[in-house]
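Participant: Requesting a structural model of the entry that follows:
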Amino acid sequence: MNTLSYTPITTADVKQLMLIENNCHSHPWSENTFKSCIGGRYFSEYAKDNNNDVIGFYVGDHVAGEATLMDICVDPSLQGKGYGKALLLQFLQQVKNLQASKVFLEVRASNIAAQMLYMNNGFIEISRRTGYYPSAKGFGYEDAIVMSLTVSY
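Facilitator: You can find the predicted model right below:
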């Protein structure tokens, strides 16, 4: 895996990052939703490799000493190479910089690879939201697994 560089996301970056967002999710954020998650209580970065290619990004939320991983995406052509873990670890470093004590996230019940990534980095399942996500197949709904991590310093 290449060495990655991280850059805070601005509204000017959203159009380019939407390509990855749209390719990663069956029900992606809209461009307006993405832009609404920049600044204020939100923190986010995109990652570039040695070739200066954008490989992915994360968006986090920080309120009252708690952080939430709102979105994390790696270009589908680059998945399975450790970039998701690198982005997650960068997100967790920013969480520590913000001095948050707890981190939360939601993941589709069908996304086993993401669940394993989170569990391998200390997250535990704390609850389930039945029928939370529209099904990726276009009909019905699937559960969201809510996970948390207590940040250690």
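
Participant: which phi and psi does residue 15 have?
Facilitator: phi -60, psi -50 (degrees, to the nearest 10).

Participant: Could you pull up the contacting residues of it?
Facilitator: residue 31 (CB atoms under 8 Å, 6 or more residues apart in numbering). The way it works is simple: take the backbone N, C-alpha and C, and place the C-beta from them, glycine included.

Participant: Flag the helix or strand of the chain with the lowest per-element mean pLDDT.
Facilitator: strand 124-134 (a mean of 91; mean pLDDT, DSSP states H and E).

Participant: Which residues belonging to that strand are considered buried?
Facilitator: residue 133 (16 or more other CB atoms under 10 Å).

Participant: What lies in contact with it?
Facilitator: 26-27, 106, 108-109, 140-149.

Participant: what's whichever helix or strand comes after that strand in contact with?
Facilitator: Going down the chain from strand 124-134, the next helix or strand is strand 141-150, by DSSP states H and E. Counting contacts by CB under 8 Å, 6+ apart, the residues outside strand 141-150 that touch it are 92, 101-110, 115, 118-119, 121-136.

Participant: Kindly recompute the last result at 7 Å.
Facilitator: Residues outside strand 141-150 that contact it (CB atoms under 7 Å, 6 or more residues apart in numbering) are 101-110, 115, 118, 122-135.

Participant: Return a PyMOL selection command for the buried portion of the contacts of strand 124-134.
Facilitator: In PyMOL, a selection of the buried entries from the contacts of strand 124-134 looks like this (16+ other CB under 10 Å):
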select buried, resi 106+108+142+143+144+145+146+147+148+149
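
Participant: Looking at the contacts of strand 124-134, spot the one nearest residue 64.
Facilitator: The closest of those to residue 64 turns out to be residue 148 (CB to CB; 14.8 Å).

Participant: Pass me the low-pLDDT residue ranges in the protein, would you?
Facilitator: 1-2, 136, 138 (pLDDT under 70).

Participant: mind listing the strands for it?
Facilitator: With DSSP state E applied, the chain shows strands at 5-8, 42-48, 54-63, 66-74, 102-108, 124-134, 141-150, listed in chain order.
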